[in-house]
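> Quick one, what's the 3D model for this:
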Amino acid sequence: MDGFLTVGQPAAVSAVRAMVASHVPHAVLLSGPASVGKLSLALDLAAALLCAGAEGGDRPCRACRSCRMVDHGNHPDLHRLDPEGPGGQVGIGGATRKDGKHGVRDLVTELSLLPAEGVARVAIIREAHRMNDDAQSALLKTLEEPPANTTLILLADDDEKLLPTVRSRCARIRLGTVGTRDIEVLLAARELADPPTAARLARLAGGRPGLAVAYASAPGAEAIRNEISRTLLDLLAEGRAARLVSAKALLARAASLAALLAPAAAAVTETPPRGRGRGKGAAAPSASGPGNDPENGTQPADAPVDEPVAKVSPAERRRALALLLDAWRDIARDLALAQASSARAVRDVALMEELDAAARDLAPGAAAAALARLVRAGELLDSNVSPELVLDVLLVRWPRRSPAA
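Got it, this is the predicted structure:
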């Protein structure tokens, strides 16, 4: 039986297998786009390190008590540290904090204890690129002199946001996007979608299996995303006033989408089908934006999906805009491909006619320029810029179809 459950990442899986068969470094940095399988691979490595049913390169066996506890998220020697708060940061934490937030210092304290199962301790820091400088500095001593039999696994969408001193102390493995066919097979294996739906979601996911699984697990989510996409295409023909008026409705629909995706993402995004929950010592679920994690807290699944944006928290608004930007980037990308006569690479084939018509009426290069602005907007959102301000600027600068359209 293959003990590794990560799909579509053969090079990264081979690198981790080689570590398990010989020597696993005390710190491993898994980097790559959100929702491509970093957490899945981290859990594979954690299972291998904690496995009690096999030896050497045959780990993990996925059948022993330790492997089953890892899969169910309740192994006492597997620790998780997730982003928290409106900005979605991994903070320094510590007993002196009065807000109760779990941080790097708390994790370091936990790792200083002897393993409960007597084998090893493993810590997974999700979205490590969201550690502030103080948190990274607090982690440095543990990276330099880790406790015996302790392995830290850092997951980062952008490893360049980590301090050079942190990166240099980790063995680094890069994950890329996953092939469309691999995502289709994953959805079929989990019985989440029929073949046509799996093919459609695999294209929409853009190489991110975690995102495809989240959409497939959340009935109604794809319909809201399609509504958002069509609204953005319609706004190409509207003036400044109409665009700004649409901002509140767009963000509200994106918040509805976040509410639907959050429970599915928390349960299955990037996680092997057998794994659920968190291990002992893990932080509470984050109330921040993505990730990747595909994945952080929004309003409960049974909350009204059209709740006014003003009534939701800053974290929820940030999460909503992140999802809106994700759909928006795809529309801009598809428009740019349509302008370049590369329709075969378009992700949302259901909008092909609308995309072709809009592309003909835009100035040459307008879609590509809009895509660059949307990418930059995602970076600004990570820097805690006001979501409403970012949205208004993007709407005003969204290309406009020629008057003859």
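
> List the buried residues of stretch 19-30.
19-20, 24, 26-30 (16 or more other CB atoms under 10 Å). For the C-beta atoms, the positions are set from N, CA and C on the backbone; glycine is no exception.

> measure it end to end?
Stretch 19-30 has its terminal residues 13 Å apart, counting by CA to CA, to the nearest Å.

> In contact with residue 185, which residues?
With CB atoms under 8 Å, 6 or more residues apart in numbering as the criterion, the residues that contact residue 185 are residue 7.

> Find the helix or strand that it is a member of.
Residue 185 is part of helix 180-189 when elements are defined by DSSP states H and E.

> right, and the helix or strand after that helix?
Reading on from helix 180-189 to the C-terminus, the next helix or strand found by DSSP H and E is helix 195-205.

> what element comes up after that following helix heading to the C-terminus?
On the C-terminal side of helix 195-205, the closest following helix or strand by DSSP H and E is helix 209-216.

> can you map out the strands along the stretch 251-400 of the chain?
Remark: strands of the stretch 251-400 of the chain, listed N- to C-terminal, are 291-294; assignment by DSSP state E, counting those that start in this stretch.

> just so I have it, where are all the helices in it?
314-339, 352-360, 366-382, 387-397 (DSSP state H, counting those that start in this stretch).

> Show me which residues of the longest one are buried.
Going back to what we said before, that points to helix 314-339. Within helix 314-339, the residues scored as buried using 16+ other CB under 10 Å are 315-339.

> Next: the third one.
Of the residues in helix 366-382, 366-367, 370-371, 374, 377-378, 381-382 count as buried by neighbour count, 16+ other CB under 10 Å.

> Residue 339: what's it in contact with?
With contacts defined as CB under 8 Å, 6+ apart, residue 339 is in contact with 359, 362, 364-368.

> now it: how far from residue 252?
Between residue 339 and residue 252 the distance is 30 Å, computed by CB to CB, to the nearest Å.

> What of residue 72?
When distances are taken as CB to CB, residue 72 and residue 252 turn out to be 36 Å apart.

> Between the two, which is the more surrounded one?
Under the criterion of other CB atoms under 10 Å, the comparison of residue 72 against residue 252 puts residue 252 first, with 18 against 13.

> Now render the helices of the stretch 251-400 of the chain as CSV, adding mean pLDDT and distance to residue 51.
Listed next are the helices of the stretch 251-400 of the chain as CSV, based on pLDDT from 0 to 100; distance: least, CB to CB, whole Å:
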stretch, mean pLDDT, distance to residue 51
helix 314-339, 92, 35
helix 352-360, 94, 48
helix 366-382, 93, 36
helix 387-397, 95, 43
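
> will you turn those helices into a markdown table that also has distance to residue 78?
Compiled in a markdown table, these are given as follows (distance: least, CB to CB, whole Å):
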| stretch | distance to residue 78 |
| --- | --- |
| helix 314-339 | 26 |
| helix 352-360 | 45 |
| helix 366-382 | 27 |
| helix 387-397 | 34 |
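
> Which helix or strand in the protein has the lowest average pLDDT?
strand 291-294 (a mean of 37; mean pLDDT, DSSP states H and E).

> what sits against residue 221?
Contacts here follow CB under 8 Å, 6+ apart; on that basis residue 221 touches 214-215, 257, 260-261, 264.

> I misspoke; the intended subject was residue 64.
Residue 64 is in contact with 51-54, counting by CB under 8 Å, 6+ apart.

> Give the buried subset of those as a PyMOL selection command.
Selection of the buried residues among these in PyMOL, burial being defined by 16+ other CB under 10 Å:
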select buried, resi 51+53+54
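
> Determine which two of the contacts of residue 64 are furthest apart.
52 and 54 (8.3 Å; CB to CB).

> And the contacts of residue 221, which is closest to residue 173?
Closest to residue 173 out of those is residue 214 (23.6 Å), distances taken as CB to CB.
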